[in-house]
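1. Pasting the sequence and the predicted model now:
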Amino acid sequence: MRGGLAKYVVLALLFVLAGVSTGLFLTVRKLSEVGPAGEQLYEERVAAPGDADTGGALDLSRRTAIVSAAERVGPATVSISATGRRLVRAAPTAQEEFFRRFFGGFLPGRVYEEERHTFGSGVVIDEDGYILTNEHVVRGFEEVQVVLTDGRAFEGEVLGGDQRYDLAVVKIEGDDLPVAPLGDSDDIMVGEWAIAIGNPFGNLLSDRQPTVTAGVVSATNRDVISDDASPAIYKDMIQTDAAINPGNSGGPLVNSNGEVVGINSFIFSMSGGSEGVGFAIPINTARNVIDEMIQYGRVRDIWVGIAIQELTPGLAERLSLGDVEGVIASFVEPGSPAHRAGIREGDIILAVNGDDVTSIREARRAIFGSRVGDIITLRVRRGTARLDFEVTVEEAAK
């Protein structure tokens, strides 16, 4: 009995020892296959059955809509540098200030010529070499240079610019120019991808490849109030949190389809850098400006033929109006589009193209973007009646 039990114990120990030995052998073999840094294991995993397409899948996952959009529009995004000169009056020295007290205007201050430079971005919109950018990028400069991402440099001619729209068209002469496709800014959605492409910091970078930043469309149809001294009107702007930095002005804002939907223009910032509140001019607004500038070299001024005045409580009381909504037509030019449409002096204009107006600024913004030949609708209060008139806009006399 004891002998049989001892036999079973010996056999059990042999099995345990065999298992441990096999485990140690396999472990050592595995470690030798892996190596000190796991190279062999990584190679075997990549080449393992069922994983043959892993690398391709990773490449596909990296090729996002942002990558495709940047590849489509990036080559057509250009760097713009402008050079000009201006006269600068130097600050008077202490000696000059002393003599000025006695001789006043007989001692003119020192004036010298200063060279100034600026840089920005633009986008090629036509194979004939038309480039769209911001007006403030090229305003007042005599020389404009355009550099493509392939390194080619061209002398640019400013065909026209308009401070009201803050848009300008620059022309270059070249072959095989990359062209960016234009989208429909009326079709964009809040929350969709917004890709800002441009050349921030201009010549500080050693290459001409544009910078790509991505965010979303934060809002649409933003009306941004500009400084009273500025003629610029920023209406129906696209707001985005895609970073827009110095030098991005004039560059394209692109959707995920690789279409230009806006022209990057300015940011709201407390620090001077991007803080996620940037604005772009809708490309549909820019289309109208492009056509005018290419054909006429300017955006033609429109003529309606109405002088308006804001309604104050005192004026409303004298006219027995009862309230101060709208603006009053203080003068209607005889024979003007407004006069022919039926507008009369004393009419209270309540709305323009469906937008309520209570000030001259609002009325100005309401007709902003109208072109020669367009029809604008005026809702008017005349006595107790409310009337709608259609006015066909004409070109203003030069």
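-> Everything's here; your move.

2. In space, what's closest to residue 82 - neighbours in sequence excluded?
-> By the measure of CB to CB, 6 or more residues apart in numbering, the closest residue to residue 82 outside its immediate chain neighbours is residue 141, 3.6 Å from it. Backbone N, C-alpha and C define where each C-beta goes, glycine included.

3. For the one you found, give me its contacts.
-> For residue 141, the contacting residues are 82, 83, 84, 116, 118, taking CB atoms under 8 Å, 6 or more residues apart in numbering as the criterion.

4. Please apply the same query to residue 152.
-> Under the criterion of CB under 8 Å, 6+ apart, the contact list for residue 152 reads residue 174.

5. same thing with the one 5 residues further on?
-> For residue 157, the contact set (CB under 8 Å, 6+ apart) comprises 144, 170, 171, 172.

6. from those residues, which is closest to residue 266?
-> Taking CB to CB as the measure, residue 266 sits nearest to residue 170 out of the contacts of residue 157, at 19.2 Å.

7. so who does that closest one touch?
-> By CB under 8 Å, 6+ apart, the contact set of residue 170 is 80, 122, 130, 131, 133, 138, 144, 146, 156, 157, 158, 159.

8. For beta bridges, what are the partners of the residue nearest to the spatial centre of the chain?
-> The residue lying closest to the centre of the chain (CA atoms, centre = their mean) is residue 264, at 1.8 Å. With DSSP bridges as the criterion, residue 264 is bridged to residue 280.

9. Could you tell me which residues make contact with residue 194?
-> 214, 215, 216, 217, 238, 240, 241, 242, 253, 254, 255.

10. tell me the secondary structure for it?
-> Following DSSP: H, G, I helix; E, B strand; the rest coil, we place residue 194 in the strand state.

11. Over to residue 285?
-> At residue 285 the chain is in helix, as set by three-state DSSP.

12. was I right about it contacting residue 371?
-> No: under the contact definition of CB atoms under 8 Å, residue 285 does not touch residue 371, with a separation of 10.9 Å.

13. for the residue nearest to the centre of the chain, what are its contacts?
-> If you count contacts by CB under 8 Å, 6+ apart, residue 264 has them with 121, 196, 198, 244, 248-253, 278-280.

14. what do you get for residue 294?
-> Applying CB under 8 Å, 6+ apart, the residues contacting residue 294 are 130, 159, 169.

15. Tell me how far it lies from residue 159.
-> Using CB to CB, to the nearest Å, residue 294 is found at 7 Å from residue 159.

16. so what sits against both of those two?
-> Common contacts of residue 294 and residue 159, defined by CB under 8 Å, 6+ apart, comprise 130, 169.

17. Compare the contacts of residue 294 and tell me which has the most neighbours.
-> The residue in the contacts of residue 294 with the most neighbours, by other CB atoms under 10 Å, is residue 169 (28 neighbours).

18. related to what we said a few turns ago, what subset of the contacts of residue 194 is buried?
-> Those of the contacts of residue 194 that meet the buried threshold are 214, 215, 217, 238, 240, 241, 242, 253, 254, 255, by 16 or more other CB atoms under 10 Å.

19. And for the last one, nearest residue in space, chain neighbours not counted?
-> Closest residue to residue 255 in three dimensions, ignoring its sequence neighbours and counting by CB to CB, 6+ apart: residue 261, at 5.1 Å.

20. how much space between the one you found and residue 82?
-> The separation that residue 261 has from residue 82, given CB to CB, amounts to 26 Å.

21. If you count surrounding residues, which of those two has more?
-> When residue 261 and residue 82 are compared for neighbours, residue 261 comes out ahead with 27 against 23, by other CB under 10 Å.

22. residues contacting the more buried one?
-> Taking CB under 8 Å, 6+ apart as the definition of contact, the neighbours of residue 261 are 183, 184, 185, 188, 238, 253, 254, 255, 280, 282, 283.

23. Looking at the buried ones among the contacts of residue 194, which are in strands?
-> With strands identified by DSSP state E, the entries of the buried ones among the contacts of residue 194 that belong to them are 214, 215, 217, 238, 240, 253, 254.

24. who's the residue nearest to residue 240 when sequence neighbours are not counted bridged to?
-> Closest residue in space to residue 240, ignoring its immediate chain neighbours: residue 194 at 4.2 Å, by CB to CB, 6+ apart. Taking DSSP bridges, one obtains residue 215 as the residues bridged to residue 194.

25. and the gap between the residue nearest to residue 193 when sequence neighbours are not counted and residue 173?
-> Excluding the flanking residues, the one nearest residue 193 by CB to CB, 6+ apart is residue 256, at 4.2 Å. Counting by CB to CB, the separation of residue 256 from residue 173 is 33 Å.

26. who has more neighbours, the two?
-> Legend: neighbour count by other CB under 10 Å for residue 256 and residue 173, higher for residue 256 (15 against 11).

27. Do I have it right that that one meets residue 189?
-> No: with the criterion set as CB under 8 Å, residue 256 and residue 189 do not qualify as a contacting pair; they are 10.5 Å apart.

28. got a markdown table for the contacts of residue 194, with distance to residue 338 and pLDDT too?
-> Listed next are the contacts of residue 194 as a markdown table, based on distance: CB to CB, whole Å; pLDDT from 0 to 100:
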| residue | distance to residue 338 | pLDDT |
| --- | --- | --- |
| 214 | 47 | 95 |
| 215 | 43 | 95 |
| 216 | 42 | 96 |
| 217 | 37 | 96 |
| 238 | 32 | 96 |
| 240 | 38 | 95 |
| 241 | 42 | 93 |
| 242 | 42 | 93 |
| 253 | 36 | 97 |
| 254 | 40 | 97 |
| 255 | 39 | 96 |
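
29. got TSV for these, with distance to residue 355 too?
-> TSV is the format used below for these (distance: CB to CB, whole Å):
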residue	distance to residue 355
214	33
215	29
216	27
217	22
238	19
240	24
241	27
242	28
253	25
254	29
255	27
